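>>> From the sequence below, what's the structure:
(one chain, ligands or ions: 2)
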Amino acid sequence: MAEEESRAKMATSSAELLQAEAELVRHSLGYLKSMALHSAVKLGIPDALHRCGGAASLPDLLSTLALPCSKRPYLSRLMKMLAVEGIFTAVAAVDVPAAGEGEGAAAAPSVRYGLNPVSRLLVSGGVSPCVLMGTSPLFLEASLRLPQWFQRDSEGEPAFAMAHGESPYAATGHDMEFNALVNEAMGSDSRYMAELVVRECGEVFTGVTSLVDVGGGNGTMATAIAKAFPHVRCSVLDLPHVVQGVVSTHESVEFAAGDMMEYVPPADAVLLKCVLHNWSDEDCVKILTKCREAIAQGAKAGAGKVIIIDAVVGSPSHSQVLEAQVLMDMQMMMLFMSKEREELNWQKIFMEAGFSHYKIQPVLGMRSIIQLYP
Ligand SMILES: C[S@@+](CC[C@H](N)C(=O)[O-])C[C@H]1O[C@@H](n2cnc3c(N)ncnc32)[C@H](O)[C@@H]1O
Ligand SMILES: COc1cc(-c2oc3cc(O)cc(O)c3c(=O)c2O)cc(OC)c1O
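Ligands and ions are numbered 1, 2, ... in the order given. Sure, this is the predicted structure:
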């Protein structure tokens with residue numbers, strides 16, 4: 001065995017070994033990328049760059065941020081790392097001294113940092129709340145339990161519950177700060193996703209006159225659908241503590257408090273956006289069975305459908321999308337012992353819930369639209 005290992009080592013060139021070590025450092029210190037991103041959002045850097053017209057030198061950026069004097073010299077380190085990781089752009093510039101100012105002095109090299117498509121998503125109104133949720137102390141503490149979780153024989157208990165003694169949904173029921181963080185995150189994801197769904201796959205709502213958004217949170221998605229398709233009457237079903245106090249901002253959107261495991265109100269179409277990935281296969285079959293009963297009651301014979309927005313792992317097949325999907329899969333395992341699913345896994349659930357056929361459109365980045373028919 002030792003001989004085999006040393007032969008394998010010899011077969012690896014020095015360049016490969018050194019490259020491999022750099023790769024290991026990238027992965028083992030990867031948590032610093034998450035926390036640097038969290039810091040940038042907390043400091044309001046994307047908004048500051050946006051206010052500066054999309055790009056700024058460090059002195060200009062510093063002048064708009066409320067950083068204590070002792071920390072100002074360190075901002076360059078954070079920005080350099082985030083630019084290397086592709087969160088911001090970094091363009092070298094040469095500051096020529098103004099006339100009469102430091103005459104004879106050499107022109108100082110400096111860097112202008114700017115927004116790119118990734119950081120533009122973090123400007124207010126974008127998905128910063130998702131980043132703050134994904135890097136929140138409650139999620140991070142759960143992730144620290146993963147090694148112990150793998151070693152312990154704890155049937156059915158996810159790492160989140162091992163760390164906090166309750167599920168994420170139970171935590172949102174009494175921890176108002178966490179509840180607000182989760183609702184803001186889900187709302188922000190829905191706001192940007194709704195725009196894309198309306199733009200890229202509006203035909204999904206053709207012929208639909210009533211829709212219930214199951215687990216629809218604060219109604220962001222339902223409101224966007226009602227605005228874009230005035231022929232669709234929308235209702236949102238969610239848990240009492242989520243819908244209580246939500247005021248509808250559109251006359252054809254109403255809210256119902258309830259448990260989707262028990263009852264889904266009748267409609268032509270049922271929407272499940274990013275709900276099923278929080279649940280086990282058995283629970284998904286139960287939820288989808290209730291949805292099938294809702295469209296059987298609400299739509300003309302055989303005309304209803306269930307619209308699922310969720311990941312179909314491996315589809316589309318870009319490596320960055322796959323990385324995002326498998327990271328989300330780990331997060332689902334850690335939070336709920338649930339998962340992101342491949343097509344065959346989805347198919348089995350659909351058939352068990354009594355549906356006859358489905359259509360997958362991989363048009364939403366790491367997520368797809370799945371239309372499911374009775
Ligand atoms: C991951 S969030 C998705 C929210 C929304 N669909 C979106 O994409 O922004 C899951 C939602 O399911 C709701 N939920 C969880 N259990 C539920 C239940 N038993 N009945 C109804 N809604 C439930 C949660 O409160 C939460 O709003
Ligand atoms: C929308 O449904 C869920 C989203 C997430 C979620 O989403 C994002 C999105 C993003 O742009 C960056 C992120 O870091 C994250 C997350 O970390 C994250 O958790 C999670 C869900 O269940 C836990 C969702 O249902």
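>>> For the closest residue to residue 343 other than its chain neighbours, give its distance to residue 63.
Leaving aside its chain neighbours, residue 343 sits nearest to residue 312 (5.5 Å; criterion: Cβ to Cβ, 6 or more residues apart in numbering). No exception for glycine: its C-beta is placed from N, CA and C like everyone else's. Distance, residue 312 to residue 63, by Cβ to Cβ, to the nearest Å: 46 Å.
>>> same thing with residue 335?
40 Å.
>>> neighbour count winner among the two?
Between residue 335 and residue 63, residue 335 has the larger neighbour count (other Cβ atoms under 10 Å), namely 21 against 11.
>>> What helix or strand is the nearest residue to that one once chain neighbours are set aside located in?
Once flanking residues are discounted, residue 335 sits nearest to residue 160: 4.8 Å by Cβ to Cβ, 6+ apart. Using DSSP states H and E, residue 160 maps to helix 159-164.
>>> Now look at that helix and say if it contacts ligand 2.
No: with Cβ under 6 Å from any ligand atom as the criterion, ligand 2 is not reached by helix 159-164; the gap is at least 9.7 Å.
>>> on that earlier part again, assess the claim that the residue nearest to residue 335 and residue 333 are in contact.
No: counting by Cβ atoms under 8 Å, residue 160 does not reach residue 333; the two are 9.8 Å apart.
>>> Same drill for the two, tell me which one is more crowded.
Neighbours were counted for residue 160 and for residue 333 using other Cβ under 10 Å; residue 160 has more, 26 against 17.
>>> which ones are touching the closest residue to residue 287 other than its chain neighbours?
Leaving aside its sequence neighbours, residue 287 sits nearest to residue 260 (Cβ to Cβ, 6+ apart; 5.5 Å). With contact set as Cβ atoms under 8 Å, 6 or more residues apart in numbering, residue 260 has these partners: 214-215, 237, 275, 287, 290.
>>> Also residue 230?
So residue 230 contacts residue 252 (Cβ under 8 Å, 6+ apart).
>>> And it, how far from residue 304?
If you go by Cβ to Cβ, the gap between residue 230 and residue 304 works out to 20 Å.
>>> and stretch 208-224, anywhere near ligand 1?
Yes: applying Cβ under 6 Å from any ligand atom, one finds stretch 208-224 in contact with ligand 1 at 215-217.
>>> meant to ask about stretch 136-151
No: in terms of Cβ under 6 Å from any ligand atom, no part of stretch 136-151 sits within range of ligand 1; the closest distance is 13.3 Å.
>>> Show the model's pLDDT score for whatever residue of the chain ends up closest to ligand 2.
Per Cβ to the nearest ligand atom, residue 134 is where the chain lies closest to ligand 2, at 2.2 Å. Listed pLDDT for residue 134 reads 98.
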